[in-house]
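**Student:** Whatever this is, show me its structure:
(chains A, B, C and D)
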There are 4 protein chains.
Amino acid sequence: MSSEFGNKLKVSIFGQSHGEAIGVVINGLPSGEKIDLDKLQGFMERRRGGKNPYSTKRSEADVPKILSGVINSHTCGMPFSAIIENADKRSGDYSEILDKPRPGHADYTAFVKWEGNADMRGGGHFSGRLTAPLCIAGGIAKQILERRGIFVGAHLYEVAGISDTPFPAYPDNALFEEIAQKDFPVIDNDAGKKMKEAIVDASKELDSVGGIIECVATGVPAGLGEPMFDGMENRLAAALFGIPAVKGVEFGLGFASARLKGSENNDPYEMRDGKIRTVTNNAGGILGGITNGEPLRMRLAIKPTPSISKEQNTVSLSGMENTKLVVKGRHDPCIAARAVPVVEAVAALVILDTLIEGK
Amino acid sequence: MSSEFGNKLKVSIFGQSHGEAIGVVINGLPSGEKIDLDKLQGFMERRRGGKNPYSTKRSEADVPKILSGVINSHTCGMPFSAIIENADKRSGDYSEILDKPRPGHADYTAFVKWEGNADMRGGGHFSGRLTAPLCIAGGIAKQILERRGIFVGAHLYEVAGISDTPFPAYPDNALFEEIAQKDFPVIDNDAGKKMKEAIVDASKELDSVGGIIECVATGVPAGLGEPMFDGMENRLAAALFGIPAVKGVEFGLGFASARLKGSENNDPYEMRDGKIRTVTNNAGGILGGITNGEPLRMRLAIKPTPSISKEQNTVSLSGMENTKLVVKGRHDPCIAARAVPVVEAVAALVILDTLIEGK
Amino acid sequence: MSSEFGNKLKVSIFGQSHGEAIGVVINGLPSGEKIDLDKLQGFMERRRGGKNPYSTKRSEADVPKILSGVINSHTCGMPFSAIIENADKRSGDYSEILDKPRPGHADYTAFVKWEGNADMRGGGHFSGRLTAPLCIAGGIAKQILERRGIFVGAHLYEVAGISDTPFPAYPDNALFEEIAQKDFPVIDNDAGKKMKEAIVDASKELDSVGGIIECVATGVPAGLGEPMFDGMENRLAAALFGIPAVKGVEFGLGFASARLKGSENNDPYEMRDGKIRTVTNNAGGILGGITNGEPLRMRLAIKPTPSISKEQNTVSLSGMENTKLVVKGRHDPCIAARAVPVVEAVAALVILDTLIEGK
Amino acid sequence: MSSEFGNKLKVSIFGQSHGEAIGVVINGLPSGEKIDLDKLQGFMERRRGGKNPYSTKRSEADVPKILSGVINSHTCGMPFSAIIENADKRSGDYSEILDKPRPGHADYTAFVKWEGNADMRGGGHFSGRLTAPLCIAGGIAKQILERRGIFVGAHLYEVAGISDTPFPAYPDNALFEEIAQKDFPVIDNDAGKKMKEAIVDASKELDSVGGIIECVATGVPAGLGEPMFDGMENRLAAALFGIPAVKGVEFGLGFASARLKGSENNDPYEMRDGKIRTVTNNAGGILGGITNGEPLRMRLAIKPTPSISKEQNTVSLSGMENTKLVVKGRHDPCIAARAVPVVEAVAALVILDTLIEGK
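**Tutor:** Next comes the predicted model:
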């Protein structure tokens, strides 16, 4: 199991931050689907760091090299695979952390799990860098979904306590595209400006901030997902928690619905344009794990980047004694910003999986 | 897939609210484990309704009939199965909803998915009644875990905006037992009293309320869970979203961590009693999907019971026109209360699964 | 894992030979499918023993009690479950074998696996009795397939070295029905008569005989199955080896093809009735794991019943010393005969699973 | 699903014969395991063609490039991946077959499944070339198993009707090594000489021959495998049928046991060297799907290479009319010979998977 998800569309991620290459294998992609490489690269760019003061200084070209599953720019039904070679790796930065687990990282848990055998240079397989192959897969899934009228978009709903305008009830793809073009993925640029300031401030204090991402998928047909443990929420949550730093996932009103009355939270049905629709969408498009045809809505809590330059308390694994640590290396003061396309990628992959499975 | 979860410990739930019986099959239970039937029944009782004014009036004895997997009160390694026969079913109550989907329920999504073939009497397979076999499985898992020093407890963290005292950092099993003995699963009885009043008030208004459940597991060893998509958070979330009405899941500080700085949210390591421990537990015992030996902490948002007696707007599936609906039948004005042991059950099953898989 | 198979159609078998009940849960059955209970019972009858001198004297009515997944005689999309209560069990017969593992049975391997905790009365979960719930599932699958023009039939290809006439290249359902009506499932009654004599002879010698079952499925569309490890052969084999006593599985010419030249074994293509067809069907309808539209053909080796009344050498598990054993109880002198409908059942379930998955 | 197998050890194969690269991802390898690259390369060499007159003239260096999962020559617990770049590909040879499906190949079934989108140059993903990454995975599994006293060996049991000496009851690793060193994997060199002559003769006749491979694994502990559908036989068969051209799999005496009496086929138990052992091993080390501690024994039927240079009848997919085809390209006149290490690879991977799962 482990670094894989999906039922009929299986996505398997491999690689370590400072290894030879990172990559992805996808089993079950529909055949005959055109892959627009320029568009894919554009999507990859949205995740890439090294571009501005509020993201990591590590700069990778992140150009996927497709190894299989494609012929004449179309999927051929056979397993898709692609890799990104790791170019700009500087393992020297990480020598200390092999003995001193970084608070908030998987260093210690990986040490216990693999009894000291883990490759934790740059976070190893737990590095945010592994979301690059996830975006290859998700970028392709988005192209396939769009041909079927399904659009997935996300934005920074909140950073450091500063809120963006939420998505409207029925966002169109133009809005998703507009956000995707921005260097900072928000709807309200003023809010974005404040968020960026908060990020730069945290960075100056050798600290980091967290955030909340809102993701919406429109055009998803009703009837997808299975009851109980294989529903749309179960599958989305299982995959979304695979994105590093995600600590909470909610659908529709989520935790806010826990404070409402049934009469406020229930979405009444009505006939609209000859179709059965809900008046509101507090359920986020999912009832009993199954889609109802309304936009899927979800929010994810992203914890503040654990890599901070402030001195922190930790222990020495070799000495079994308390010690101090200053995390070196190049880090994002707010990973939530770069995680926005990753959330879209994962959501798109799960939706495509349920779509292939069918009702 | 569908009504099943688990990797090595597979739990499969079957049955409809008004069918012959509901039940569970478990593959992969360790052999030679004593099943204390009295204790199991005690656990089942915590979930059972019909006992007081703030829960449903449907009363089922809910005595599991074990069909396989047990010999001389011990698990025998072979698939475990148990059923509960449905005694107190009154399908007459539900005739109207077959045409008029209840807002907030799976009536409409099941109708679309199964093209009108679904058995939605009493909610069918989506009914909260299906959490009874889940509790059979979870009650057994809890017994097995307890022999290994792992204890799982939960309480109503919030109902109708009224908060209970949160769990302490290191709750002991005595606290879990104390809550389990109460007729209303809270730590602070005063808060509980207010919650019950809010529930009864909502009920009088023909309405319902939601809530938040906090669940903690202590004694879970470090190193469990796999990276990325098969981690402890992924697996817990995937299973927990299988409980009806769950709309959000968070671990550790969850959404609150999105508003903190890295220096506040990171859990520094220290040596304590000769062991590597974290000073705080904002991560809820999980880093990179892998347990770190600290208590697992999670919270779930439970939406208000969708079945309310107030008149609601809906549509007629046969007439394809707007109409009104008054949901009849017997319902809990707050399902969160009865969901508390269900959350324990699911958490226990997932933890046992990862424990069987091992590091 | 364990007692379960299938991708989208999941079949889970539970129960022990001398437990309360045996049963089956099926997730993923299409909804709205009529279940003809008389026809299902007729199929169950073909497997049932106790009817003649060449099968076991244990007689069970084997009437399935459907617990869920059905409403008004049609599948409702929710998990199907059914049980058969164990009536005619005589555990007294088996007390000796708990200490003295029967040669050829799973007694010893189950003892090791579950460290003495296994319920091996009557063979426990390994008993041929567990093929009854498999036939419930398979009987339903056959009904669903038949509505789609897919027919599955099997016969005793060989018993004690005596051969039946093989299936013709394109057997029709009338032939399958004809065999199904017989008390002994062969095409050539003369061969059948000799086989029965050989079985009765073996029985008189306190011994048993093995056999080979041939199974064919017609009407299976081309394009089902996935490449490499999830192909039609892989899935059929994985499930068919779950039938007790199966020790070999081959498709098309199978082992005989290993002795042919490529020019003899290859099935040339030709246009026939406007369709692409193969001239011969040495491949048994499967190439590269994917169906080609020709009838699926497979053969299974069934070992002689391990339960024989002759004295055999074994060991005492408690004494760790050599000893003798005479297996008591009621056994089939040739399980191959009763396994014929079981093979049909398993093949039908796998084919239905691939059909639901689609191309 | 598709090109993947395994429960806890997941092996995923990707690539097409004439694509950029072929490769493998393994999830779940134990950490801290040394990978001896020279030994791995030696194992790869056994599969490689282009070395002699009785194998294909396509010559690939087949040097795996490890991308992840290894640090300092040891597994690190994270997903392992490796690729082989396709160097000596000549797609020009295959232009005709895109329209004229080759008898015995997956050309037609892939065409139907993927509606003409498949990349069938050189057989695409169905090519025997894909067994190279399988051997990378299997070669590593063999190294890990050997450290635990488990040895897997195979030989050509039969080619073109000519039989090799079967494996002795308890073959030691020295015999496996001896066969591995030979340029033709047989025990009896005289038999091997005749087989090679038969292969060269068939090649001269523009034809091909099939064969049977025998595989044995020693040192496998008792108690591995699960009952019914996840047993050792089920899992081995499911994976072994993933090797191209396998049309039959049998365990122990297999089909021959169908012709024996119970008293002949049963393996009596006895105390030997203080341990419970079977006197014979007709069951091939597996009873009820669970290992009994005796050597695992299996045989596989390999059909004759479908690619033959003789003219064959086929159809034109574009013209929907009968036509003739002469398959060009470089092919093995007997793939069974090169499949021997592949069978070892797959058997080793399945055994390692069950070993990691544990009893």
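
**Student:** Okay, now the unreliable bits of the stretch 151-300 of chain A?
**Tutor:** When residues are selected by pLDDT under 70, none of them lie in the stretch 151-300 of chain A.

**Student:** residue in the stretch 151-300 of chain A nearest to chain B?
**Tutor:** Nearest to chain B in the stretch 151-300 of chain A, going by Cβ to the nearest Cβ, is residue A:288, at a distance of 2.6 Å. Backbone N, C-alpha and C define where each C-beta goes, glycine included.

**Student:** surely that residue meets residue B:105?
**Tutor:** Yes. Using Cβ atoms under 8 Å, residue A:288 is in contact with residue B:105, at 7.2 Å.

**Student:** anything in contact with each of the two?
**Tutor:** Common contacts of residue A:288 and residue B:105 (Cβ atoms under 8 Å, 6 or more residues apart in numbering or on different chains): residue B:126.

**Student:** the more surrounded of these two?
**Tutor:** residue A:288 (27 against 23; other Cβ atoms under 10 Å in any protein chain shown).

**Student:** and the more buried one, how far is that from residue A:277?
**Tutor:** 17 Å (Cβ to Cβ, to the nearest Å).

**Student:** Could you do residue A:6 as well?
**Tutor:** For residue A:6, the distance to residue A:277 (Cβ to Cβ) stands at 30 Å.

**Student:** who has more neighbours, the two?
**Tutor:** Using other Cβ under 10 Å, the more surrounded residue of residue A:6 and residue A:277 is residue A:6, with 24 against 17.

**Student:** what's the longest helix anywhere in chain A packed up against?
**Tutor:** As assigned by DSSP state H, the longest helix anywhere in chain A is helix A:335-357. The contact analysis (3 or more Cβ pairs under 8 Å, 6 or more residues apart in numbering or on different chains; DSSP states H and E) places helix A:335-357 against helix A:37-47, helix A:131-147, strand A:151-159, strand A:211-218, helix A:232-240, strand A:296-302.

**Student:** Is the third one in proximity to chain B?
**Tutor:** Yes. Figure legend: strand A:151-159 in contact with chain B (Cβ under 8 Å from any Cβ of the partner chain); contacting residues residue A:158.

**Student:** CA-only coordinates of that strand in CSV, if you can.
**Tutor:** What follows is strand A:151-159, C-alpha atoms only, in CSV (Å, rounded to 0.1, in the frame of the first residue of the first chain):
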residue,chain,number,x,y,z
PHE,A,151,-13.5,21.7,-13.4
VAL,A,152,-11.5,21.7,-10.2
GLY,A,153,-10.2,24.9,-8.7
ALA,A,154,-8.7,26.0,-5.3
HIS,A,155,-7.5,29.1,-3.6
LEU,A,156,-6.0,30.2,-0.3
TYR,A,157,-9.1,30.6,1.9
GLU,A,158,-7.0,31.8,4.8
VAL,A,159,-3.4,32.5,5.7
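
**Student:** so what secondary structure elements neighbour that strand?
**Tutor:** The helices and strands touching strand A:151-159, judged by 3+ Cβ pairs under 8 Å, 6+ apart, are helix A:131-147, helix A:173-181, helix A:189-204, strand A:211-218, helix A:335-357.

**Student:** Settle this for me: residue A:153 is touching residue A:173, isn't it.
**Tutor:** Yes. Residue A:153 is within contact range of residue A:173, at 7.3 Å (criterion: Cβ under 8 Å).

**Student:** These two: which has the busier surroundings?
**Tutor:** Of the pair residue A:153 and residue A:173, residue A:153 is the one with more neighbours under other Cβ under 10 Å, namely 28 against 16.

**Student:** In the sheet, which residues pair with the more buried one? Tell me.
**Tutor:** residue A:216 (DSSP bridges).

**Student:** which residues does it contact?
**Tutor:** By Cβ under 8 Å, 6+ apart, the contact set of residue A:153 is A:167, A:171, A:173, A:175, A:176, A:179, A:180, A:215, A:216, A:217, A:344.

**Student:** For these, pick the one with the most neighbours.
**Tutor:** Using other Cβ under 10 Å as the neighbour criterion, residue A:344 leads the contacts of residue A:153 with 30 neighbours.

**Student:** near chain C, which residues of chain A?
**Tutor:** Contacts of chain A with chain C, taken as Cβ under 8 Å from any Cβ, map to A:7, A:8, A:78, A:227, A:357, A:358.

**Student:** Looking at these, which two lie furthest apart in space?
**Tutor:** A:78 and A:227 (32.3 Å; Cβ to Cβ).

**Student:** roughly how far apart are residue A:310 and residue D:226?
**Tutor:** In terms of Cβ to Cβ, residue A:310 sits 50 Å off from residue D:226.

**Student:** And the two? Which one has more around it.
**Tutor:** Neighbours per residue (other Cβ under 10 Å) separate residue A:310 from residue D:226, with residue D:226 holding more: 26 against 15.

**Student:** Let's verify the more buried one: helix, strand, or coil?
**Tutor:** When classified by DSSP: H, G, I helix; E, B strand; the rest coil, residue D:226 comes out as coil.

**Student:** hang on, isn't it packed against residue C:3?
**Tutor:** Yes. Counting by Cβ under 8 Å, residue D:226 touches residue C:3, with 7.5 Å between them.

**Student:** Enumerate every residue touching the residue of the stretch 101-250 of chain A found nearest chain C.
**Tutor:** Going by Cβ to the nearest Cβ, chain C is nearest to residue A:227 of the stretch 101-250 of chain A, at 6.9 Å. Residues in contact with residue A:227, defined by Cβ under 8 Å, 6+ apart, are A:288, A:289, A:290, B:2, B:3, B:106, B:110, B:125, B:126, C:78.

**Student:** 7 Å instead, please
**Tutor:** The neighbours of residue A:227, taking Cβ atoms under 7 Å, 6 or more residues apart in numbering or on different chains as the test, are A:288, A:289, B:2, B:3, B:125, B:126, C:78.
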